[in-house]
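Participant: Test case, fold it:
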Amino acid sequence: MLANNGIIILFTLLIALLASIMPMPISFDVFRPDWVLVVLLYWSIALPNKVNVITAWVMGFILDVLLGSTLGVHAAAMAISVYIIVVNFQKVRNFSLWQQAMIIGVSAALYHLLIFWMQRFLSDVVFLPSYLYPVITTIILWPWAFLLLRRVRRHFRIK
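Facilitator: This is a model prediction of the structure:
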């Protein structure tokens with residue numbers, strides 16, 4: 001039963017990776033939510049002993065490979081964002097769903113700013129306000145992702 005729990009978590013992370021690279025119209029692509037970050041943050045709040053900073057780093061590294069970005073940029077940003085949530089997971093659990101969405105939004109903003117700062121350090125990248133548009137869609141996505149993933153966790157009795 002324990003192996004199945006890990007498979008379900010990995011399956012949700014795989015679906016999030018697929019959603020991150022799925023083709024979208026260019027006009028909507030700037031609003032693409034941070035699917036992998038949302039799923040990682042849910043599992044790190046729900047089960048911080050199973051999904052933690054190492055999982056976030058591995059998923060960020062895979063995302064670096066899939067997106068063709070500099071290796072380690074998404075990995076480091078995702079690991080730092082998840083670390084802050086994991087350290088405070090008991091506090092975050094006690095907030096209402098919309099308060100959690102705001103915290104997830106701050107975490108997503110941190111994630112995007114860390115990626116920008118690392119890319120700015122490595123190459124000559126210019127900051128545009130549209131760079132933070134995914135934060136808005138991530139905030140909107142959180143309540144539905146939370147409810148869906150909680151239903152999956154309860155259905156498969158993942159502990």
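Participant: Only C-alpha atoms from now on, for both contacts and neighbour counts.
Facilitator: Fine.
Participant: contacting residues for Ala10?
Facilitator: Just so we're on the same page, residue 10 is Leu rather than Ala. Shown in contact with Leu10 (C-alpha atoms under 8 Å, 6 or more residues apart in numbering): no residues.
Participant: Would you check how far apart it and Leu122 are?
Facilitator: The gap separating Leu10 from Leu122 is 31 Å, by C-alpha to C-alpha, to the nearest Å.
Participant: and Phe156, what is it in contact with?
Facilitator: Phe156 makes contact with Asn5 under the criterion C-alpha under 8 Å, 6+ apart.
Participant: Do you know the pLDDT at Asp124?
Facilitator: According to the prediction, Asp124 has pLDDT 84.
Participant: Distance check, it against Leu141.
Facilitator: 31 Å.
Participant: Looking at these two, which is more packed in?
Facilitator: Leu141 (16 against 8; other C-alpha atoms under 10 Å).
Participant: Just give me the neighbour total for the closest residue to Pro143 other than its chain neighbours.
Facilitator: Nearest non-adjacent residue to Pro143, counting by C-alpha to C-alpha, 6 or more residues apart in numbering: Leu97, 6.1 Å away. Neighbour count of Leu97, defined by other C-alpha under 10 Å: 16.
Participant: Next, count neighbours for Asp34.
Facilitator: 21.
Participant: quick one, what contacts it?
Facilitator: Applying C-alpha under 8 Å, 6+ apart, we find Asp34 in contact with Ser20, Ala108, Pro134, Val135, Thr138.
Participant: Inside helices: which ones of these?
Facilitator: Counting by DSSP state H, the contacts of Asp34 place Ser20, Ala108, Pro134, Val135, Thr138 in helices.
Participant: got a list of what the residue lying closest to the first one once chain neighbours are set aside touches?
Facilitator: If I follow you right, that is Ser20. In space, and not counting its chain neighbours, Ser20 is closest to Trp35: 6.1 Å by C-alpha to C-alpha, 6+ apart. Contacts of Trp35 were listed using C-alpha under 8 Å, 6+ apart, and they are Ala16, Leu17, Ala19, Ser20, Thr138.
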